[in-house]
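Visitor: just to be clear, the model below is a prediction. Sequence and coordinates:
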Amino acid sequence: MANIQTLDPNASPLDYYGWELRRQREAHSLKQGQLGDIIFCTGSLIGQIETTKKIPTRDFSERVDAALGTDGVFSRLVGLVLRSQLPTWFQPYADMEAKAAYISTYQAQLVYGLLQTEEYARAVLATGMPDDLENRVAARIERQRILERERPPLAWAVLDEAVLHRPIGGHEVMRRQLLRLLEFADQRWMRIQVLPFTAGEHASLDGAFTTMRFDNDPDIVYTEDIVSGHMTASPDTVREAALRYAHLQAAALSVEDSAALITRVMEECYGDQPRPEERAVA
């Protein structure tokens, strides 16, 4: 007799997903291989997800919902599963980010997480050498779904010019990342400004920070250090952060001039370049 792993659906979102997948599959009298054939994957993958050895993707979840007629159950569950793959210390921030009505952020080193392409995110997250890199990438991309809502949060990002020049992931990855930033130029709910090198010393030389406003909760300021994140609703800190952000916005280029600078850096630093042998021939 096969040794069927017993799952505790209360242990974690991933355990609940696996338990529910097995329950629904068996309720439809399907073997793992049969369900796999229906949704174009292997029965082995079904088994690995049912036993929490693999993390389900959103595409997988949507196909399961369609195959089993589960009315979006797995499409909803996968959001919880992917969020649970974020670092433990980061999960409270992600929960608040998902509830925020207004987000303002200053980023000194990297593109803001909600604006990152998958390739850029993978290159950034790989620097921490995690054992579960692909799960971390999927979790980061899942966070970005808040921007796809019918009424997304209003958001404002000030990026240091250094962010545009730091070649994360290489030439092509950066070009696509800067193109991604330009896609937001016409979005009324997302504004991006660049703080140019010529601004010199500025109001947040201490580093990046994010503030979030809510419809019914106090404002929050979020910062990170090398190993963890910190949130506070201290009125004094919130006021200080708001003042600093106002100074940053004043020192930054306008939204239109910022888009022009992003375009210029993309073309000059990450545009189509001749290969070394082609330059030699020339």
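Guide: Yep, it's here.
Visitor: Leu159: what secondary structure?
Guide: strand (DSSP: H, G, I helix; E, B strand; the rest coil).
Visitor: next: Asn10.
Guide: Looking at Asn10 with three-state DSSP, the answer is coil.
Visitor: which residue comes closest to it once chain neighbours are left out?
Guide: Leaving aside its chain neighbours, Asn10 sits nearest to Tyr16 (7.3 Å; criterion: C-beta to C-beta, 6 or more residues apart in numbering). Every C-beta, even on glycine, is put in place using the N, C-alpha and C of the backbone.
Visitor: over to Asp8?
Guide: Asp8 sits nearest to Asp15 (C-beta to C-beta, 6+ apart), 5.8 Å away.
Visitor: that neighbour contacts Lys53, doesn't it?
Guide: No - under the criterion of C-beta atoms under 8 Å, Asp15 makes no contact with Lys53, lying 11.6 Å away.
Visitor: and these two? which has more neighbours close in?
Guide: Asp15 (17 against 13; other C-beta atoms under 10 Å).
Visitor: tell me the phi and psi of the more buried one?
Guide: Backbone torsions of Asp15, given as degrees, to the nearest 10, read phi -60, psi -40.
Visitor: likewise the one 3 residues further on?
Guide: Gly18 adopts backbone torsions of phi -60, psi -40, taken as degrees, to the nearest 10.
Visitor: Arg23 is in contact with the residue nearest to Asn10, correct?
Guide: No - if you go by C-beta under 8 Å, Tyr16 and Arg23 don't touch, sitting 10.2 Å apart.
Visitor: okay, the two: which has more neighbours?
Guide: Tyr16 (18 against 13).
Visitor: show me the contacts for that one.
Guide: Tyr16 makes contact with Pro9, Asn10, Leu77, according to C-beta atoms under 8 Å, 6 or more residues apart in numbering.
Visitor: who are the packing partners of the helix or strand containing Thr263?
Guide: Following DSSP states H and E, one finds Thr263 within helix 255-270. Applying 3 or more C-beta pairs under 8 Å, 6 or more residues apart in numbering; DSSP states H and E, one finds that helix 255-270 contacts helix 161-165, helix 171-183, strand 190-195.
Visitor: re the thing from before, of the contacts of Tyr16, closest to Cys41?
Guide: Nearest to Cys41 among the contacts of Tyr16 is Leu77, at 17.4 Å by C-beta to C-beta.
Visitor: helices of the stretch 1-150 of the chain, start to end?
Guide: With DSSP state H, counting those that start in this stretch, the ranges of helices along the stretch 1-150 of the chain come out as 13-27, 32-39, 43-50, 58-68, 73-83, 91-99, 118-126, 133-143.
Visitor: now distance to Ala155 and mean pLDDT too, for the ones you listed, in JSON lines please.
Guide: Output for the helices of the stretch 1-150 of the chain, formatted as JSON lines (distance: least, C-beta to C-beta, whole Å; pLDDT from 0 to 100):
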{"stretch": "helix 13-27", "distance to Ala155": "26", "mean pLDDT": "95"}
{"stretch": "helix 32-39", "distance to Ala155": "35", "mean pLDDT": "95"}
{"stretch": "helix 43-50", "distance to Ala155": "33", "mean pLDDT": "95"}
{"stretch": "helix 58-68", "distance to Ala155": "22", "mean pLDDT": "96"}
{"stretch": "helix 73-83", "distance to Ala155": "19", "mean pLDDT": "94"}
{"stretch": "helix 91-99", "distance to Ala155": "10", "mean pLDDT": "93"}
{"stretch": "helix 118-126", "distance to Ala155": "17", "mean pLDDT": "96"}
{"stretch": "helix 133-143", "distance to Ala155": "12", "mean pLDDT": "93"}
